[in-house]
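# One predicted model, sequence on top.
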Amino acid sequence: METGMTRNVVILGSGPAGLTAAIYTARADLNPLVIEGEPSSTSDQPGGQLMLTTEVENFPGFPGGIMGPQLMMSMREQAERFGAEIVTNKATKLDLARTPIGIWTGDPEAPEPDITTRSLIVATGARSLMLGVPNEARLLGYGVSTCATCDGFFFRGKRIAVIGGGDSAIEEALFLTKFGDSVTIIHRRKELRASKIMQDRAFKNEKIDFIWDSVVVDVLGDNNVSGLRIRDVNTGEERELDVDGVFVAIGHAPSTELFEGKLEMDGAGYLITTDGTNTTVRGVFACGDVQDHVYRQAVTAAGSGCMAAIDAERYLAGLE
């Protein structure tokens with residue numbers, strides 16, 4: 001990575017949004033620098049959440065499906081082919097008040113930034129909140145999922161569990177009834193937190209049943225999920241539940257810690273964008289799951305990455 005020069009555009013994040021932005025800005029001869037994150041980082045994993053996904057069947061152009069890591073590698077190679085520079089590093093500090101924008105990738109206490117840029121595209125994504133039980137990570141993509149829209153099709157005719165009690169969990173459960181033989185919602189409380197209309201829909205659905213006052217203490221299975229071990233929070237009694245898949249729906253956390261006090265966020269910490277992908281700071285754009293708490297799909301993230309690139313290109317043209 002060349003230092004001492006001011007970049008036209010720097011992209012933080014290398015998921016579908018970040019790499020699509022890189023493809024578009026590279027093709028516009030803006031010579032983008034992508035700071036992709038670090039493998040040890042939980043908030044900006046290089047390649048985004050698709051690196052933790054097995055087969056992707058709903059991304060256009062792949063009628064036979066494609067493995068998540070393979071899709072991200074292809075997008076990376078495409079961005080590099082057009083001249084994007086991708087570095088495995090992590091931004092540790094930003095100064096959005098200065099012109100050009102300052103980015104630190106090393107010691108945040110250093111007096112001067114490591115990189116300066118005329119525009120910044122934020123594509124740091126969001127991470128699914130997980131249960132934190134022993135075999136959950138090992139079986140992620142092998143029966144453990146965080147996205148019913150992405151993976152529900154693979155559980156046709158199967159027994160499915162959904163963990164959570166909010167609107168997201170109920171939406172997931174209702175969607176999964178299109179595929180599964182049965183859907184069991186496991187919730188740590190004796191009543192749902194979801195809105196009444198969502199609760200009513202779940203209670204009326206014959207495929208959905210409930211296990212109340214219970215938490216998952218382990219995911220069972222060798223190569224694929226075969227069941228769950230759950231514990232009653234009142235009695236402490238543990239038992240096993242036979243299921244073929246488990247969807248964790250206890251929430252998401254946008255990776256926006258770096259922007260606190262610098263960019264406007266909503267109550268859940270997602271970056272607020274207007275007029276496309278513009279944030280509250282001129283020259284700073286946001287795309288993908290870091291500003292989308294509704295759709296959270298690879299294809300919508302890629303679309304917003306395209307939008308951010310075009311917005312950045314137009315912004316830079318206005319500076320000339």
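Looks like it came in fine. Residues are numbered from 1 along each chain as shown.
# how about the strands in the stretch 101-250 of the chain?
Ranges of strands in the stretch 101-250 of the chain, per DSSP state E, counting those that start in this stretch, are 101-104, 115-122, 126-128, 144-145, 159-163, 182-186, 208-211, 214-220, 227-232, 238-242, 245-248.
# and those as CSV, adding distance to Ile272?
Placement of C-beta: from N, CA and C, glycine included. Conversion of these to CSV gives the following (distance: least, CB to CB, whole Å):
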stretch, distance to Ile272
strand 101-104, 18
strand 115-122, 12
strand 126-128, 14
strand 144-145, 29
strand 159-163, 29
strand 182-186, 32
strand 208-211, 35
strand 214-220, 34
strand 227-232, 37
strand 238-242, 40
strand 245-248, 27
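# want to throw those into a markdown table with mean pLDDT?
Below are the strands of the stretch 101-250 of the chain laid out as a markdown table (pLDDT from 0 to 100):
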| stretch | mean pLDDT |
| --- | --- |
| strand 101-104 | 96 |
| strand 115-122 | 98 |
| strand 126-128 | 86 |
| strand 144-145 | 94 |
| strand 159-163 | 98 |
| strand 182-186 | 98 |
| strand 208-211 | 98 |
| strand 214-220 | 97 |
| strand 227-232 | 98 |
| strand 238-242 | 97 |
| strand 245-248 | 96 |
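# And the ones you listed: which comes nearest Thr274?
Thr274 lies closest to strand 115-122 among these, at 14.4 Å (CB to CB).
# Show me how far the closest one is from its chain's centre.
22 Å (CA atoms, centre = their mean, to the nearest Å).
# So in that sheet, which strands flank it, and in what orientation?
Applying DSSP bridges, strand 115-122 is found paired with strand 6-12 (parallel), strand 101-104 (antiparallel), strand 284-286 (parallel).
# what's the most buried one of those?
Among those, strand 284-286 has the highest mean neighbour count (mean count of other CB atoms under 10 Å), at a mean of 28.
# Give me the average confidence score over that strand.
Strand 284-286 comes out with an average pLDDT of 98.
# Would you mind confirming that Ala137 makes contact with Leu131?
No - the pair Ala137 and Leu131 fails to qualify as a contact (CB atoms under 8 Å) at a distance of 9.8 Å.
# more neighbours, the two?
Using other CB atoms under 10 Å as the criterion, Ala137 and Leu131 rank with Leu131 on top: 19 against 14.
# for the more buried one, what are its contacts?
163, 216, 248, 250 (CB atoms under 8 Å, 6 or more residues apart in numbering).
# and the first one, how many neighbours does it have?
For Ile163, the count of nearby residues is 26 (other CB under 10 Å).
# Kind regards, and thank you for your time.
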